[in-house]
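Visitor: Fold the stuff below for me.
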Amino acid sequence: MAAGNTRSEVRGATDEGPLPRWGALAYPNYRNYWIANLVRIFGIQFRFIGGLWLVQQLADSPLWLGVLSISTAVPTIVLSVPAGALADRVDNQKLLVWSSALTAVVTGALAVAVVLDVANVWIAVLWAAVLGALMALANPAQSAILPRLIDMRAIASAVAYTSAAWSGMRIVGPFAVGILIAVIGTGQAFIVTAAAFAISALLLQRLRLAPVERRGTHAEHDGGMLEGARYIFRNKLFLATIGLSFFTSVFGSSYIVLLPTFADDILHVGARGFGLMETAAGMGALLGTFLIVRVRSQRHYGPVMLLAAAAFGILIAGFAASRTIGVSMALLFGGGLASAVYLNVGMTTLQVLVPDELRGRVMGVWSMTYFLGSVGGLPAGLVAAWLGAPVAVAAGGLSVTAFAVALLVTVPALRELARPSAVPSRA
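Guide: Numbering: from 1, shown residues only. This next block holds a predicted model:
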């Protein structure tokens, strides 16, 4: 009982009474975590955009841009499951602090190399690979730490607010990064990025969290690193939910990779139109996350997730067929909103129903699916080269719709899923 009281006090709110009006943001620990995460997300945005710009300056070759992207994605994908196992055994706060701190150090070292004019493309690729590994270390811990910050009744809003930070930075991040590089220079901008990660580490270190009660000694959950994957495959609800995220990343996200092609060759709107379409999708995703926060209904959670996924695919296929910038932006806005709804519902379902002993490993698999978009970009590019970008994007979107409809028909647990109970499963 004492441990439970300590946990409530550290969270900053009791587990009883009505849910606070602003959900997770009513908890001081979560507010501090959210600010730290927002600073970190800015750093990640710069890592992605600034890294590509740096390689373009160093090598002036599309091939090296692809190499840089893969060098980040592969370590993240490969290490996500081991990182999930680590998150079940090590204090998540320490993992996040060390990941941000080491990212600051590595990025600072690259910044110095750029400023001193000794950087080359191989140094940039190595930097990207190291950062991909550090991101893999942090991702499962980010999901696993949420129950330590809030009352689990507020988990849906915590997931949505966290997603909103990503969506919001997707809107303002590219503009801010471009201005930063233009005003102070590439190397100096990397110094600012390193400082952002360092600030994030300091803010995370200041969180007041209750000690972790480790229950990983239970025999049923002692299967090691792959126990999370085995648990998912034994549970049709989890397998279907994560499968939907997989389909979105590998097939549905192809439009992101091919958006420059639409801007230049199909809609003929250039860089400005490209930015407008990116912004439209980001604004839709941001609105979708806030809709999730405000929805209080406990019913039809599963059907809402599947119908939103089906709508996403149809909207993206509609975008592929559009030939005017206004219609394209409207469809991307709708697609961003729909994807935010079903991915937030899916993550909330996992957060509530996954046993604490397996949270890191299961969320490690979930987070891995997010980074498969880089892998899916290759087949999308091949199909686009063969049949055209509109066919590739439409096929990817409609495959998500088909998968969502198939789940609606074949997985009764999803059709019957109401909003999960606030008490995590211990099964």
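Visitor: And the residue nearest the centre of the chain, its phi and psi?
Guide: The centre of the chain sits closest to Tyr370, judged by C-alpha atoms, centre = their mean, with a distance of 6.0 Å. Per-residue torsions, Tyr370: phi -60, psi -30 (degrees, to the nearest 10).
Visitor: how deep is the spatially closest residue to it that is not a sequence neighbour tucked in, by neighbour count?
Guide: Excluding the flanking residues, the one nearest Tyr370 by C-beta to C-beta, 6 or more residues apart in numbering is Ser249, at 6.0 Å. The C-beta positions use only the backbone N, C-alpha and C, and glycine is treated the same way. Ser249 has 21 neighbouring residues, counting by other C-beta atoms under 10 Å.
Visitor: just Ala113 next, same as before
Guide: Ala113 has 17 nearby residues by other C-beta under 10 Å.
Visitor: wait, it sits on Val121?
Guide: No: the pair Ala113 / Val121 is not scored as a contact, 11.8 Å apart, by C-beta atoms under 8 Å.
Visitor: Work out the gap between the longest helix seen in the chain and the centre of the chain.
Guide: Under DSSP state H, the helix in the chain containing the largest number of residues is helix 28-59. In terms of C-alpha atoms, centre = their mean, to the nearest Å, the centre of helix 28-59 is found 13 Å from the chain centre.
Visitor: Which strands or helices does that helix pack on?
Guide: Helix 28-59 sits against helix 62-87, helix 92-115, helix 121-144, helix 155-184, helix 186-205, with contacts defined as 3 or more C-beta pairs under 8 Å, 6 or more residues apart in numbering; DSSP states H and E.
Visitor: switch the cut-off to 10 Å
Guide: helix 2-11, helix 62-87, helix 92-115, helix 121-144, helix 155-184, helix 186-205 (3 or more C-beta pairs under 10 Å, 6 or more residues apart in numbering; DSSP states H and E).
Visitor: how about those helices in CSV, adding distance to Val362 and mean pLDDT?
Guide: Below are these laid out as CSV (distance: least, C-beta to C-beta, whole Å; pLDDT from 0 to 100):
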stretch, distance to Val362, mean pLDDT
helix 2-11, 22, 43
helix 62-87, 7, 76
helix 92-115, 14, 92
helix 121-144, 9, 87
helix 155-184, 14, 77
helix 186-205, 22, 90
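Visitor: would CSV of the ones you listed with distance to Glu416 be doable?
Guide: Listed next are those as CSV, based on distance: least, C-beta to C-beta, whole Å:
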stretch, distance to Glu416
helix 2-11, 31
helix 62-87, 28
helix 92-115, 32
helix 121-144, 25
helix 155-184, 19
helix 186-205, 39
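Visitor: looking at these, which is buried most?
Guide: helix 121-144 (a mean of 22; mean count of other C-beta atoms under 10 Å).
Visitor: hey, C-alpha coordinates of that helix in PDB?
Guide: What follows is helix 121-144, C-alpha atoms only, in PDB (Å, rounded to 0.1, in the frame of the first residue of the first chain):
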ATOM      1  CA  VAL A 121      30.200  11.900 -46.100                       C
ATOM      2  CA  TRP A 122      31.400   8.800 -44.300                       C
ATOM      3  CA  ILE A 123      31.500  10.700 -41.000                       C
ATOM      4  CA  ALA A 124      27.900  11.800 -41.700                       C
ATOM      5  CA  VAL A 125      26.800   8.200 -42.400                       C
ATOM      6  CA  LEU A 126      28.400   6.900 -39.300                       C
ATOM      7  CA  TRP A 127      26.800   9.700 -37.200                       C
ATOM      8  CA  ALA A 128      23.400   8.800 -38.700                       C
ATOM      9  CA  ALA A 129      23.900   5.100 -37.900                       C
ATOM     10  CA  VAL A 130      24.900   5.800 -34.200                       C
ATOM     11  CA  LEU A 131      21.900   8.100 -33.800                       C
ATOM     12  CA  GLY A 132      19.600   5.400 -35.300                       C
ATOM     13  CA  ALA A 133      20.900   3.000 -32.600                       C
ATOM     14  CA  LEU A 134      20.300   5.500 -29.900                       C
ATOM     15  CA  MET A 135      16.800   6.200 -31.100                       C
ATOM     16  CA  ALA A 136      16.100   2.500 -31.000                       C
ATOM     17  CA  LEU A 137      17.300   2.500 -27.400                       C
ATOM     18  CA  ALA A 138      14.800   5.400 -26.500                       C
ATOM     19  CA  ASN A 139      11.700   4.400 -28.400                       C
ATOM     20  CA  PRO A 140      10.400   1.500 -26.300                       C
ATOM     21  CA  ALA A 141      11.400   3.300 -23.100                       C
ATOM     22  CA  GLN A 142       9.300   6.300 -24.200                       C
ATOM     23  CA  SER A 143       6.200   4.100 -24.300                       C
ATOM     24  CA  ALA A 144       7.000   2.100 -21.200                       C
END
